[in-house]
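Asks: below are the sequence and a predicted model; questions follow.
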Amino acid sequence: QVQLVESGGGLVQAGDSLRLSCAASGRTFSNRAMAWFRQAPGKERDFVAAIHRSGDSTYYADSVKGRFTISRDNAKNTMFLQMNSLKPEDTAVYYCAAHSGSGTYVYTRSYNYWGRGTQVTVSS
C-alpha cells in the first residue's frame with residue numbers, strides 16, 4: 001500500500017516558478033518508478049514526467065521538456081517537480097502517481113496509486 005500526498009501548488013504569473021512535492025508513505029516507494037500527471041478542466045489526465053526508481057532516468061512530455069525537472073529523494077520518500085517558466089497552459093491539477101511495475105510510463109493505466117492532486121494556476 002502506498003499513500004501519496006501532493007503539495008506546493010498555487011497561483012502564479014506567467015514566467016514564475018513553482019516546486020511541487022509528493023510525500024509517500026509505505027516501504028515500497030524506493031522500489032517504484034514515479035510520475036507526475038496533470039489534468040485541466042474538461043480534459044484528460046496527461047503525462048508530465050516520470051522518474052525511474054533509482055532516480056537515474058527521467059522522462060518528460062514534450063510540452064514541459066526544458067522547463068520542468070523531476071527528482072526524488074528515496075531517503076525521505078519524496079518526489080519533486082520543479083516547474084520553471086510557467087505558462088497559462090500549464091494550469092491544471094497536478095497528480096503524483098506510483099508505477100505498478102508494468103506498462104509504459106506515459107499511460108495512466110500503468111499506475112496503481114494516485115494522490116488527490118494539487119492545483120496549479122498560471123495567470124497571463
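Replies: Cool, the structure landed.
Asks: which strand residues bridge the spatially most central residue of the chain?
Replies: For the chain, Trp36 is the residue whose C-alpha lies nearest the centre (CA atoms, centre = their mean; 2.0 Å). Beta bridges link Trp36 to Ala49, Cys96 when assigned by DSSP bridges.
Asks: wait, isn't it in contact with Tyr95?
Replies: Yes. Using CB atoms under 8 Å as the test, Trp36 is close enough to Tyr95 to be in contact (7.0 Å). Glycine gets a C-beta too; all of them are placed from N, C-alpha and C.
Asks: which residue ranges form the strands in the protein?
Replies: Remark: strands assigned in the chain by DSSP state E are 3-7, 10-13, 18-25, 34-39, 45-51, 58-60, 68-73, 78-83, 92-99, 111-114, 118-123.
Asks: these: which one's closest to Tyr105?
Replies: Tyr105 lies closest, by CB to CB, to one member of the strands of the chain: strand 45-51, at 4.0 Å.
Asks: and Thr28, how far from Gln3?
Replies: Distance of Thr28 to Gln3, given as CB to CB, to the nearest Å: 11 Å.
Asks: and Gly26, what's its pLDDT?
Replies: Here the pLDDT value assigned to Gly26 is 80.
Asks: show me what contacts the closest residue in space to it that isn't next to it in sequence?
Replies: Spatial nearest neighbour of Gly26, excluding adjacent residues (CB to CB, 6 or more residues apart in numbering): Val2 at 4.4 Å. Residues in contact with Val2 (CB atoms under 8 Å, 6 or more residues apart in numbering) are 24-26, 28-29, 32, 98, 113.
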